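K.L.:
Let me see the structure of the following:
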Amino acid sequence: MAEHTYRVLVRGRFADLTDDQRASLRERLKGFDFLTDGGFTESGALTFDDKLDFFSYRVILTAKDKPDEAGLRRATTALDALGVDFKGLRAKVTDMDEMKINRPRRLG
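P.N.:
Next up is the predicted model:
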């Protein structure tokens, strides 16, 4: 199987956050702009809101197979770096090389 480029969206929930963890996560939200900082990137982007219930992790991966597992590992690493617990991780994968692009028809 040839390498393909994938967009992997991992979603989950924070679990058993302490007051210190909540304060730390809310501090990270200051200055965060979802439109510029929350998109799909090769380095990955972790996004959440001030309710601190759900989160998403968006990453672009190039792989031969199992991009969902690679995306889950990357999300887990990012969450572990923050020192927070989580649950219910699930990944949704879009193969960018297989996407159909509808181009507008030219008139005339």
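
K.L.:
C-alpha only now, for contacts and for neighbours.
P.N.:
Noted.

K.L.:
Looks like Asp89 contacts Arg13 (just checking).
P.N.:
One thing to correct before we go on: residue 89 is Leu, not Asp. Yes. Leu89 is within contact range of Arg13, at 7.4 Å (criterion: C-alpha atoms under 8 Å).

K.L.:
ok, Thr5 - contacts?
P.N.:
60-63, 95-97 (C-alpha atoms under 8 Å, 6 or more residues apart in numbering).

K.L.:
State the helix or strand in which it lies.
P.N.:
If you go by DSSP states H and E, Thr5 is part of strand 4-15.

K.L.:
May I see the buried residues of that strand?
P.N.:
Buried residues in strand 4-15, counting neighbours by 16 or more other C-alpha atoms under 10 Å, are found at 5-14.

K.L.:
could you dump stretch 82-89 to PDB, C-alpha only?
P.N.:
What follows is stretch 82-89 as a C-alpha-only set of coordinates in PDB (Å, rounded to 0.1, in the frame of the first residue of the first chain):
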ATOM      1  CA  LEU A  82      -0.400  18.300  29.900                       C
ATOM      2  CA  GLY A  83      -0.600  15.800  32.800                       C
ATOM      3  CA  VAL A  84      -4.400  15.200  32.500                       C
ATOM      4  CA  ASP A  85      -6.500  12.100  32.500                       C
ATOM      5  CA  PHE A  86      -8.900  11.400  29.600                       C
ATOM      6  CA  LYS A  87     -11.500   8.900  28.400                       C
ATOM      7  CA  GLY A  88     -13.400   7.800  25.400                       C
ATOM      8  CA  LEU A  89     -10.800   8.500  22.700                       C
END
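
K.L.:
Pull the distance from that stretch to the chain's centre.
P.N.:
Remark: stretch 82-89 is offset 13 Å from the chain centroid, using C-alpha atoms, centre = their mean, to the nearest Å.
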